[in-house]
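*Asks:* A structural model of the following input is requested.
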Amino acid sequence: MSIHDANGIIAPRSHETHAIYAGSFDPITLGHLNIIEQAATVFNRLDVVIAVNPDKAGKGRFPEDERLAMVRESVADLGNVAVDTVSNEYVVSYAQRKGYTHLVRGLRDSGDFLPEKALRHINQDIAPRIGTVLLMCDRELAEVSSSAVMGMVGPEGWEGVVQKYVPEFVFKAIKKQYEQKTSGSMA
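*Replies:* Numbering: from 1, shown residues only. As a prediction, this is how the structure comes out:
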């Protein structure tokens, strides 16, 4: 099997490929896991990296350490996947500094394509040797995003809906957070 490098040159797959899949993962969803599982079959090594924007530090739904634990538990059975964090650095600069060969980005639908295309071009300006691979998530997960999942929390019957889109331990964390929030507001 051959792959194209960042310059479109075909290279044998015998060399080490090390990709990064970055996001806020706030929280990680089954859609994220679908992309991670696909990428883990394409690359020799994959690092899932929680990208922390310092301007938004402390403003996420889940603290960084909890997101890190959720992602680690989610990928524990994937032998070539590791988890890390990056803060106050462009993801592509981090990838270049750490020796990654590719960035992995997920597409849910056609609406994701144009922003991802623009990001790929900007990343190429910053680090021309880092390739970008766009992976489509499976059809049944195309509508799943962290924001959509968290937006479904609260109305009657939300548990049965949200549970379909996140790993079980993530669902438990969401439920615990919701219960703490609602019990605190009643006090």
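*Asks:* Please make it C-alpha for all contacts and neighbour counts, starting now.
*Replies:* Noted.
*Asks:* quick one: contacts for the most centrally placed residue in the chain?
*Replies:* Taking CA atoms, centre = their mean, the centroid of the chain lies closest to residue 23, which sits 4.2 Å from it. By CA atoms under 8 Å, 6 or more residues apart in numbering, the residues touching residue 23 are 49-51.
*Asks:* Tell me the one of those nearest residue 101?
*Replies:* Minimum distance to residue 101 across those is 14.6 Å, recorded for residue 49 (CA to CA).
*Asks:* separation between residue 144 and residue 40?
*Replies:* 20 Å (CA to CA, to the nearest Å).
*Asks:* Strands of this protein, residue ranges please.
*Replies:* 2-4, 10-12, 18-23, 45-52, 81-87, 102-107, 131-136 (DSSP state E).
*Asks:* which strands and helices sit next to the fifth one?
*Replies:* When contacts are defined as 3 or more CA pairs under 8 Å, 6 or more residues apart in numbering; DSSP states H and E, strand 81-87 packs onto strand 45-52, helix 64-74.
*Asks:* contacting residues for the residue lying closest to residue 136 once chain neighbours are set aside?
*Replies:* Nearest residue to residue 136 in three dimensions, chain neighbours excluded: residue 107, at 4.8 Å (CA to CA, 6 or more residues apart in numbering). Counting by CA under 8 Å, 6+ apart, residue 107 makes contact with 113, 134-137.
*Asks:* among those, who's most crowded?
*Replies:* residue 137 (22 neighbours; other CA atoms under 10 Å).
*Asks:* for that one, what are its contacts?
*Replies:* Applying CA under 8 Å, 6+ apart, we find residue 137 in contact with 31, 34-35, 106-108.
*Asks:* same question, residue 42
*Replies:* Residues near residue 42 by CA under 8 Å, 6+ apart: none.
*Asks:* Check the gap between it and residue 23 for me.
*Replies:* Counting by CA to CA, the separation of residue 42 from residue 23 is 19 Å.
*Asks:* got the end-to-end distance for stretch 71-83?
*Replies:* End-to-end span of stretch 71-83 (CA to CA): 7 Å.
*Asks:* Now the nearest residue to residue 108 once chain neighbours are set aside: phi and psi?
*Replies:* Leaving aside its chain neighbours, residue 108 sits nearest to residue 142 (4.6 Å; criterion: CA to CA, 6+ apart). Per-residue torsions, residue 142: phi -60, psi -30 (degrees, to the nearest 10).
*Asks:* do the same with residue 88
*Replies:* Torsion angles, degrees, to the nearest 10, at residue 88: phi 60, psi 40.
*Asks:* Quick check, pLDDT for residue 6.
*Replies:* Residue 6 is assigned a pLDDT of 55 by the prediction.
*Asks:* re earlier: just name the most buried of the strands of the chain.
*Replies:* Ranked by mean neighbour count, the strands of the chain are led by strand 18-23 with a mean of 24 (mean count of other CA atoms under 10 Å).
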